[in-house]
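# just need the structure, nothing else, for what follows:
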Amino acid sequence: MYNLIEELQWRGMIQDIMPGTAQQLEKEMTTGYIGFDPTADSLHIGSLVPIILLVHMQRSGHKPIALVGGATGMVGDPSGKSQERNLLSEEVLSHNLACVKKQLEHFLDFDAGKPNAAEMVNNYDWFRDFRFLDFIRDVGKHITVNYMMAKDSVKKRLEGDTGMSFTEFSYQLVQGYDFYHLYTAKNCRLQMGGSDQWGNIVTGTELIRRKASGEAFAFTCPLITKADGGKFGKTEKGNVWLDQARTSPYAFYQFWLNTSDADAERYIRIFTFLDREEISRLTAEHSAQPHLRLLQKTLARELTCF
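Residues are numbered from 1 along each chain as shown. Sure thing, here's the model as predicted:
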């Protein structure tokens, strides 16, 4: 067991954090969640950071929930997007959900006999029968349009050429309600995610405050970048997937082996569970003999085994 926030901070995995979050995690076992987007039948290595956040949470004695967005996958998250994406059918989403669930079970301990057993939920389960009029009456009235318009993800789209549909504009309310639902149904007090999700996450904490008079917490992780400005997780052949049918174990290993020295020094803290002393030792040895590519080989070995 270890202090979750301290562990993530030295690994460079905290960007934004709500006041009181560290104190909440020190006070008691806390339930926290991260949402996963089921737009494909496999997660890719861009999803590894949220997965690893949940693993750290469980290892530090807290309870992780992986929310697979069967409902939000039908809407589409505008955060970080320049245009609206194609929406998926219910049949395709159901197939993707089953595949993603199987992958997540590989990383987290779902043993129901443990107090901090991981759980997996699908937000379609509580949105399926939620009528539109009920939603705008029971949820929409608690968050002002001014509040929603102030979010960076909304501002950027409104200032662009394509604008934003009402469907996408409503996304932050839908995600905010996810947090509210988990707060009331499972005493979930924490949401985590990438830094591009901060606005959506804060909407959830605000909804909990206004609708349930409750207090919730949040932190985000920086979006992973490459030192040369290239997009992390992309190769000439496209995404690097966690499904070996899409990305072979050899190609997966080679991706990490080909990491630059500058990136390898950051990635080994983020993508492995090696402790601080071991990483310091490896980094020093790598600096002394960079041609041996010790950090890259360790990254590739640890992640291929994981």
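# parallel or antiparallel, list what pairs with the lowest-mean-pLDDT helix or strand in the chain.
Every helix and strand in the chain was compared by mean pLDDT, DSSP states H and E; the lowest is strand 234-235, with a mean of 72. Applying DSSP bridges to the sheet, strand 234-235 is found paired with strand 238-239 (antiparallel).
# and Lys102, what element?
Following DSSP states H and E, one finds Lys102 within helix 90-104.
# residues making contact with the following helix or strand past that helix?
Tracing the chain past helix 90-104, the next element assigned as helix or strand by DSSP H and E is strand 119-122. The contact list for strand 119-122 (Cβ atoms under 8 Å, 6 or more residues apart in numbering) reads 33, 63-71, 97, 101, 104-105, 110, 182, 186. Heads up, the C-betas are built off the backbone N, CA and C, glycines and all.
# what ranges does the stretch 51-200 of the chain have for its strands?
Secondary structure of the stretch 51-200 of the chain by DSSP state E, counting those that start in this stretch: the strands cover 63-68, 119-122, 188-194.
# tell me which of the ones you listed sits most buried.
Of all the strands of the stretch 51-200 of the chain, strand 188-194 has the most neighbours on average by mean count of other Cβ atoms under 10 Å, namely a mean of 25.
# how far out from the middle of the chain is that strand?
Remark: strand 188-194 is offset 9 Å from the chain centroid, using Cα atoms, centre = their mean, to the nearest Å.
# what mean pLDDT does that strand get?
Strand 188-194 comes out with an average pLDDT of 97.
# note down every partner strand of it and its orientation.
Next to strand 188-194 in the sheet, as set by DSSP bridges, lie strand 31-36 (parallel), strand 217-221 (parallel).
# Serialize the strands of the stretch 51-200 of the chain to TSV and add fields for distance to Phe252.
Output for the strands of the stretch 51-200 of the chain, formatted as TSV (distance: least, Cβ to Cβ, whole Å):
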stretch	distance to Phe252
strand 63-68	21
strand 119-122	24
strand 188-194	21
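# so for Gly46, which of these sits nearest?
Gly46 lies closest to strand 188-194 among the strands of the stretch 51-200 of the chain, at 8.7 Å (Cβ to Cβ).
# quick one, the closest one and strand 63-68 angle?
If you take axes from the mean of the first three to the mean of the last three Cα atoms, to 10 degrees, strand 188-194 sits at 60 degrees to strand 63-68.
# outside of strand 188-194, which residues touch it?
21, 24-25, 30-35, 49-50, 53-54, 57, 62, 65, 179, 182-183, 200-201, 204-205, 215-223.
# and the angle for the helix holding Lys102 with strand 31-36?
Using the same axes, to 10 degrees: helix 90-104 against strand 31-36 is 130 degrees.
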